[in-house]
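Student: quick one: sequence and predicted model below, then my questions.
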Amino acid sequence: MISSQSPSSASRMQRNDDDEDDDDEEYNGGEGVKVKSTFACCYLVASLSEQHKGKTYVGFTVNPKRRLLQHNGQYANAGAKYTKKLRPCEMVFCVHGFPTKTQALGFEWAWQNPTTSRAVKDVAQNQLRIGSRHSTILNKSLLGLAMMSLSPWKHLPLVVHFFDESHKREVLKNADKKDVRIPSHVRIEVGEMSKLDAYVKACNVLKPFKKQRRTEKDDGDDLLEESEDFLHESDQLVCEVCLRKTKNIEKGNRNSVDDEGEEEVCCTCLDCGAHAHLVCLAKSFFECSRSLMCDDKENHSKSETSSDELIPEKGKCPRCDRMQTWGDVLASRARAVKNL
């Protein structure tokens, strides 16, 4: 799905020139450590200069605080050449919660090129009536919000973080006027950069710069310890839908599927701790949606034959009956794995 939004070779080369160091998954975190980031976001910055006030730039980063400093020239030779003429800059808002870096980069490219992206082109031209050259704060903000209801991003557990309450009010007010609908599972929050930076640091993993040479004895001891931990630790859970015991993705068994290719079970509801196969839960959600939409058997049969969706919009948790969106399920899965 992302491939339809992938940038051309020329735009990739330009991005590498303008955004050097901007998308590194590993960066220097201080004395003797590197930071492995699991956080990825797309952001909108705007110029504060009198000459270019209102001009904007859309980008991608794994560290918003550091990236804003780069845009304002506080890091020598650290990329962000495109926004040099826009300094000083402020970050209006960012979108995070992408399960993978690739999905975030696809979102960034479509946000930058709305008249070229097949996923965004119709909404940009017909609903919002904006093009790639319309780079005002409001236009770019509305476009970013509208993209969240489009495939392939509409089911992702995204979070919109505004850095100023006035920006948030203005953007959401105009979103209502333009009939820009934000999926119900998308969380909108406001806070200073320090608040977001604390969350970013919580997503990062510190590791030493230098790799110590390991001996065969060390590797053998570690393997023995891991084997003992594996034997004493429960690595199976029951799917709440099909009631079968399966591999537990939260115990580090993502690559240890059986010969039949059995799908792994994962946490799907943080409220009650329910676990299920994603495929089983999707089927359950589709059945729930049909029962809610159809009052009689005739309409029910019609809905079954006419439905061509591959991902459900929402449904009930099989354990606590709480209504969930598919984005809630993905968010629960991601948070459960991250908190281990």
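Tutor: Looks like it arrived, so ask away. Residues are numbered from 1 along each chain as shown.
Student: all contacts plus neighbour counts: C-alpha atoms, from now on.
Tutor: Fine.
Student: please name the nearest non-neighbouring residue to residue 110.
Tutor: Nearest in space to residue 110, with sequence neighbours left out and distances taken as C-alpha to C-alpha, 6 or more residues apart in numbering, is residue 117 at 5.4 Å.
Student: ok, residue 41 next?
Tutor: Nearest residue to residue 41 in three dimensions, chain neighbours excluded: residue 96, at 4.3 Å (C-alpha to C-alpha, 6+ apart).
Student: bridging residues for the one you found?
Tutor: Beta-bridge partners for residue 96, by DSSP bridges, are residue 41, residue 159.
Student: what is the neighbour count of it?
Tutor: Neighbour count for residue 96, taken as other C-alpha atoms under 10 Å: 20.
Student: that one reaches residue 42, doesn't it?
Tutor: Yes: Residue 96 sits in contact with residue 42 when judged by C-alpha atoms under 8 Å, with a separation of 6.7 Å.
Student: pretty sure residue 91 sits in a strand.
Tutor: Yes: the assignment for residue 91 is a strand, going by DSSP: H, G, I helix; E, B strand; the rest coil.
Student: quick one, what contacts it?
Tutor: 43, 44, 45, 46, 68, 163 (C-alpha atoms under 8 Å, 6 or more residues apart in numbering).
Student: out of those residues, who's the most crowded?
Tutor: Counting neighbours by other C-alpha under 10 Å, residue 43 leads the contacts of residue 91 with 26 neighbours.
Student: okay, helices next: where are they in the stretch 201-340 of the chain?
Tutor: Under the criterion DSSP state H, counting those that start in this stretch, helices of the stretch 201-340 of the chain are mapped to 216-232, 278-293, 297-306, 326-338.
Student: per-domain residue ranges of this protein.
Tutor: Domain assignment for the chain, taken from automatic domain parsing, gives 2-205, 233-338.
Student: want to throw those into CSV with mean pLDDT?
Tutor: As requested, those are exported to CSV (pLDDT from 0 to 100):
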stretch, mean pLDDT
domain 2-205, 84
domain 233-338, 70
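Student: how about residue 331, nearest residue that isn't a chain neighbour?
Tutor: Leaving aside its sequence neighbours, residue 331 sits nearest to residue 157 (C-alpha to C-alpha, 6+ apart; 5.2 Å).
Student: using the three-state scheme, assign that neighbour.
Tutor: Residue 157 - assigned by three-state DSSP - is coil.
Student: can you tell me the closest non-neighbouring residue to residue 148?
Tutor: residue 154 is the one closest to residue 148 (C-alpha to C-alpha, 6+ apart), at 5.1 Å.
Student: so the one you found touches residue 181, yeah?
Tutor: No: contact between residue 154 and residue 181 fails when scored by C-alpha under 8 Å: they sit 10.8 Å apart.
Student: the two - which one has more neighbours?
Tutor: Neighbour count, other C-alpha under 10 Å: between residue 154 and residue 181, residue 154 has more, with 19 against 14.
Student: checking the more buried one next. Helix, strand or coil?
Tutor: Looking at residue 154 with three-state DSSP, the answer is coil.
Student: do residue 60 as well
Tutor: Here residue 60 is strand, with the state taken from three-state DSSP.
Student: so residue 327 versus residue 277, what's the distance?
Tutor: To residue 277, residue 327 is 15 Å away according to C-alpha to C-alpha, to the nearest Å.
Student: do residue 152 as well
Tutor: Taking C-alpha to C-alpha as the measure, residue 152 falls 21 Å from residue 277.
Student: what of residue 86?
Tutor: 48 Å.
Student: if we can go back for a sec, tell me the contacts of the residue nearest to residue 331?
Tutor: The contact partners of residue 157, taken as C-alpha under 8 Å, 6+ apart, are 97, 98, 185, 186, 327, 328, 330, 331.
Student: burial of the fifth one, as a residue count?
Tutor: Neighbour count for residue 327, taken as other C-alpha under 10 Å: 22.
Student: can you check the second one too?
Tutor: Around residue 98 sit 23 other residues, with neighbours defined as other C-alpha under 10 Å.
Student: and it, how far is that from residue 39?
Tutor: To residue 39, residue 98 is 8 Å away according to C-alpha to C-alpha.
Student: then the fourth one?
Tutor: Counting by C-alpha to C-alpha, the separation of residue 186 from residue 39 is 17 Å.
Student: next: the last one.
Tutor: Applying C-alpha to C-alpha, the value for residue 331 to residue 39 is 14 Å.
Student: now do the first one
Tutor: The span separating residue 97 from residue 39 equals 8 Å under the rule C-alpha to C-alpha.
Student: quick revisit: residue 152 and residue 277: which has the busier surroundings?
Tutor: residue 277 (24 against 17).
Student: OK, contacts around that one?
Tutor: By C-alpha under 8 Å, 6+ apart, residue 277 lies in contact with 239, 241, 263, 264, 265, 266.
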